[in-house]
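Trainee: got a predicted structure here, sequence first:
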Amino acid sequence: MTRLLSALLAVCVAAPAWAATPERLGAELDVGDDPVATTVLPGDRVVAALVGETRSIAWRDAADYTEEPALLSSTIAPRALAAAGSDTEPVLVVAGSSLELLAFDTTSVPAVSSSKAVLALDGDEEGSLAAAVWSSDHDTVYAVDDVVPRLHSFDIADESAGTVVDLDFTPTGLSLLDSERLVVIGEDDDGPRMASIALDGTGGPGEVTDVDLTGLVDTSLEAVVGDGAGVGWLIATNEDYRLLVEFELGDTGRSNPRGCAIVDGVAGGFVFSTRNCELPASASSLAYAAGTDEDLEDVEHVYVGGGRSVSRVDVGESSTYELETPAITLTGTSGDVAASSAFDGYLYIAEPGTGLLAVVSPGPWVELDTPDTNLGGNADTLTFTITARLETLQSCSFTTHQDGDFTGTGTVLEDGSGVAPTDTPTEVSIPALDLEDGSGRLFVLCGDDDGVFGRASFPYYKGSLDAPEITALPGSEQVVVSFEGIDDDVDHYLIHFDTWNFGATGTAAGSNSTSTLSSPIEIDAGSGTVSTGDDDDATDDDDSADSEARDDSASSYTSTITDLVNDQVYYFAVSAVDEDGNEGPRSTIVEARPGITGGAAALAGDTYGCTCQNADAGATSPVGLAALIALLGLGRFRRRTYLRS
Amino acid sequence: MKTFLIAVALLLPATAVAEIGDPPPKPTIGEHEESPKFLSTGFTFGGFSITDEDIVSSYTDAPAFLPRLEFGLIPWSRFVHIEIRATLAFGILEGSQRVVSTGAESADSIGLSVFPLTLDLLLGLDIIDEQPVVPYGGVGIAWTPWNEKERDPDGFGPGALGTEVIGRGDRFGVNAFFGGAFLLDRFEPKRAGRLDAKAGVNDTYFVIEGRRSWVKSQLQDGAWDTSGLDFSGWSFHLGVKLHY
């Protein structure tokens, strides 16, 4: 009876118990270009990466990994990413020639990004921020400048630049050790350098104290990460070895420092241990992940990226402090590593050179196959297939949630529960009667025997409207969107557009450069060809309801969206809205990139030079005419000569 | 259209030449003896398949329909037919403008007008009188002025082109051709004789011709430049040709 109650509780209780230790490579997600840095924002929904030579920002929503990555451009020559904000209002910090803040609205899936602020560097000289870290205690971002050696602080709440601290070495990385200190690593002409910087009660950086690197003088420091409780780890390398070094600075309450090398207080030097701490030769990045486990309380791991794998080091209280095997093997080379919160327990690894972002999950990796999620009415059935990947011969118990999120909130659907054996597709059928009308999203969570959950989600639509078919053709500073009307009782259509791929359910809030057109653009049903842009054409009806240009019998629609930015990719979708205001499913997302247009000559780089100069046509060319007249004259002369003879 | 009218205007004096002072025809086939051949004119239709990738990507309706006028001077036509020939063709390709940075199709239509001009040396095997088929071939130089204009996507032909020239240029090159001229006089010998007597038209041929052009050079600052558009390709023509 107790088991039965527990089982019922597991199904009904919204938030499942999490034991979050990333351990299983779930997927390697496309982020559009080569990622060089990655971070996870508070709330664990938004995973961002710096990609490509232009250092665009690609991000994906962890609530639905099947959504396409969104790309954002930045004007600050970004070099590093950091996370800030809160679970409900996450902020992406982009560091470069200045500091850019991008806010995310995570109330919908996928989330919606918007520019928040750009904070200039304080100082006379032009610098460049190489790394950044956020202190949630103080709501402050700290960033190091490797051009003008400085530590900058920025107040995120006030969106203002704060104190600047000069450094006497070139910083390459930093991390928060605890709420009172952060550490900065770098180098100068004499070798590696590390400094501890005290933080005052408001987070302002103050006194800089050199850390004695005795024992590490022949190394370079590759990366540093702290646990926020006074313990940090760094990668020290030289030609002979590559070590993971754990350190403490001062009294942090850890009585028995572990690791292959420790630093004994601020004044002490690093002393090597003989313990097994040598890393793979290519190790270069670090991430710290904390979590809980039924057997091992406060399990903590440091993940070391390098080569084609990510190694996990158990640094918890009862650990052996050794590299755990097997390592997580990737398709490409491991780059920057970022861990989500202890509650979520996911790990993300940038794979430079591949365009991939690896996801390591703490529990079952769940994939859904959703062949048709458009339901006509209550008589229909929503059918999907769940496939869970976990240990051989194991299975996980899944539940389907409506109106919730990826943590398991929302209403549990009775027919959406079951058991999914590993690697075995399991079909799930839910009567449409159980689903709410209109557009919605279902979250599927699958928990293993240890109570660790995997997750996935998909959008659905229940109603009479179909998804229109759409095309978008770019022009110069404009895009022409065309779609076919559907036969149902449509009141109007909505054209959604934005500069990111907003998917089937994401909020598209794009606008043109003059802010005269904003998404969604409403097109009345039966209005026919409508130009929504001001093209100065006398016949341009500009959506005027009483325009004579309207064709009430039209079944195809064309809308020209003007004043767009050339070379910016825009995404478009269209949906129908019935007379009751219910929005139907969106069309497929199409993209268009306005730009300077031209014909074949422009494509070929033809300079338009013309030997003929003013000739529009060969027939009017004086050269051509002269040749023809000469030929005819010669023939006439010869014929006359013959006739006379 | 302007090109066509000019070509017709040029054809008229050629026929007038034949009417002035025609001698009595000498019987050859049954009744007449052919008058000598000095001139030729022709009108053919065909298609032009351009190989340039940028043209092909912008103008998906290729190959272009290509009407052609030709005018020739015949210095010798005994056993071996020798002809110095000028041809003037005209074609319009219809397509969509492209976003230059990405090559993506845009919503704006465009038309490419080409005016291939050639000056050819034609050699044919015309061994016997009233030979039914005269195979021929030759080589020549080619000059192709072109321009690109905005186009009404719902229009057709030259009338759909706008007035604003987006780009223009020309290309020089060479070409080689081959074909066969099928003598139509053999089907109506009496009528052919009368045509010769009244208009000086010795022979009327139905011609089939194939041509390979290499036209991609442009004079820029006194030097030949092969960058940009390339109007090389195959063309095939069917039509009628008259010898005077």
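Mentor: That came through fine. In this text the structure is predicted, and so the values were computed from the model without any measurement.
Trainee: low-confidence bits of chain B, can you list those?
Mentor: B:1-35, B:61-63 (pLDDT under 70).
Trainee: repeat that for the stretch 451-600 of chain A.
Mentor: For the stretch 451-600 of chain A, applying pLDDT under 70 flags the ranges A:488, A:527-554.
Trainee: what residues does it put near chain B?
Mentor: With Cβ under 8 Å from any Cβ of the partner chain as the criterion, the stretch 451-600 of chain A meets chain B at residues A:473-476, A:478-480, A:560, A:567, A:592-600. C-beta coordinates here come from the backbone N, C-alpha and C atoms, glycine included.
Trainee: out of the residues you listed, which end up buried?
Mentor: A:473-476, A:478-480, A:560, A:592-600 (16 or more other Cβ atoms under 10 Å in any protein chain shown).
Trainee: what's the closest non-adjacent residue to the most centrally placed residue in chain B?
Mentor: The C-alpha lying nearest the average C-alpha coordinate of chain B belongs to B:Arg68 (Cα atoms, centre = their mean; 3.4 Å). Of all residues not flanking B:Arg68 in the chain, B:Ala89 sits nearest, at 3.9 Å (Cβ to Cβ, 6 or more residues apart in numbering or on different chains).
Trainee: gap between that neighbour and B:Val114?
Mentor: Distance, B:Ala89 to B:Val114, by Cβ to Cβ, to the nearest Å: 8 Å.
Trainee: next: A:Val481.
Mentor: Taken as Cβ to Cβ, the span from A:Val481 to B:Val114 is 33 Å.
Trainee: what does A:Trp59 give?
Mentor: Taken as Cβ to Cβ, the span from A:Trp59 to B:Val114 is 49 Å.
Trainee: these two - which one has more neighbours?
Mentor: Ranked by neighbour count (other Cβ atoms under 10 Å in any protein chain shown), A:Trp59 and B:Val114 place A:Trp59 first, with 28 against 25.
Trainee: quick check: the more buried one touching A:Leu81?
Mentor: No. Applying Cβ atoms under 8 Å, one finds A:Trp59 not in contact with A:Leu81, separated by 9.7 Å.
Trainee: sorry, back to before: so who does the residue nearest to the centre of chain B touch?
Mentor: B:42-46, B:87-90, B:116, B:237, B:239 (Cβ atoms under 8 Å, 6 or more residues apart in numbering or on different chains).
Trainee: domains in chain A, by residue range?
Mentor: A:19-361, A:366-453, A:470-592, A:610-645 (automatic domain parsing).
Trainee: flag the shaky bits of the stretch 51-200 of chain A, pLDDT-wise.
Mentor: In the stretch 51-200 of chain A, no residues with pLDDT under 70.
Trainee: report the closest residue of it relative to chain B.
Mentor: Nearest residue of the stretch 51-200 of chain A to chain B, counting by Cβ to the nearest Cβ: A:Thr54, 13.8 Å away.
Trainee: identify the residue spatially nearest to that residue, adjacent ones excluded.
Mentor: A:Ser73 is the one closest to A:Thr54 (Cβ to Cβ, 6+ apart), at 7.6 Å.
Trainee: from A:Trp500, how far off is the one you found?
Mentor: Per Cβ to Cβ, A:Ser73 is found 10 Å from A:Trp500.
Trainee: go on, A:Asp372?
Mentor: Counting by Cβ to Cβ - A:Asp372 and A:Trp500 are separated by 26 Å.
Trainee: check contacts around residue 155.
Mentor: Let's take chain A. A:139-140, A:161-162, A:203.
Trainee: sorry, I should have been clearer: chain B.
Mentor: If you count contacts by Cβ under 8 Å, 6+ apart, then B:Gly155 has B:Leu161 around it.
Trainee: need the three-state assignment for it.
Mentor: Secondary structure state of B:Gly155, per DSSP: H, G, I helix; E, B strand; the rest coil, is coil.
Trainee: also B:His81?
Mentor: strand.
Trainee: that one against B:Ser40, yeah?
Mentor: No. B:His81 is beyond contact range of B:Ser40, at 9.6 Å (criterion: Cβ under 8 Å).
Trainee: of those two, who's got more company?
Mentor: Using other Cβ under 10 Å, the more surrounded residue of B:His81 and B:Ser40 is B:Ser40, with 27 against 22.
Trainee: excluding sequence neighbours, find me the nearest residue to the more buried one.
Mentor: Nearest to B:Ser40 is B:Gly72, by Cβ to Cβ, 6+ apart, at 3.7 Å.
Trainee: give the contact list for that neighbour.
Mentor: B:Gly72 touches A:631, B:39-42, B:83-86, B:122, counting by Cβ under 8 Å, 6+ apart.
Trainee: for PyMOL, write the select line for the buried members of the residues you listed.
Mentor: Burial among the contacts of B:Gly72 is assessed by 16+ other Cβ under 10 Å; the matching PyMOL selection reads:
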select buried, (chain A and resi 631) or (chain B and resi 39+40+41+42+83+84+85+86+122)
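Trainee: dump the contacts of B:Gly72 to TSV, plus secondary structure.
Mentor: Below are the contacts of B:Gly72 laid out as TSV (three-state DSSP):
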residue	secondary structure
A:Leu631	helix
B:Leu39	strand
B:Ser40	strand
B:Thr41	strand
B:Gly42	strand
B:Glu83	strand
B:Ile84	strand
B:Arg85	strand
B:Ala86	strand
B:Leu122	strand
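Trainee: would you reformat the contacts of B:Gly72 as a markdown table and include distance to A:Ser285?
Mentor: Below are those laid out as a markdown table (distance: Cβ to Cβ, whole Å):
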| residue | distance to A:Ser285 |
| --- | --- |
| A:Leu631 | 78 |
| B:Leu39 | 83 |
| B:Ser40 | 80 |
| B:Thr41 | 79 |
| B:Gly42 | 76 |
| B:Glu83 | 78 |
| B:Ile84 | 77 |
| B:Arg85 | 74 |
| B:Ala86 | 73 |
| B:Leu122 | 74 |
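Trainee: and which of the contacts of B:Gly72 is nearest A:Gly32?
Mentor: B:Ala86 (55.8 Å; Cβ to Cβ).
Trainee: just to revisit the earlier point, give the burial count for the residue of the stretch 51-200 of chain A closest to chain B, as a bare number.
Mentor: Around A:Thr54 there are 11 residues (other Cβ under 10 Å).
Trainee: neighbour count: A:Asp372 and A:Trp500, which is higher?
Mentor: A:Trp500 (23 against 10).
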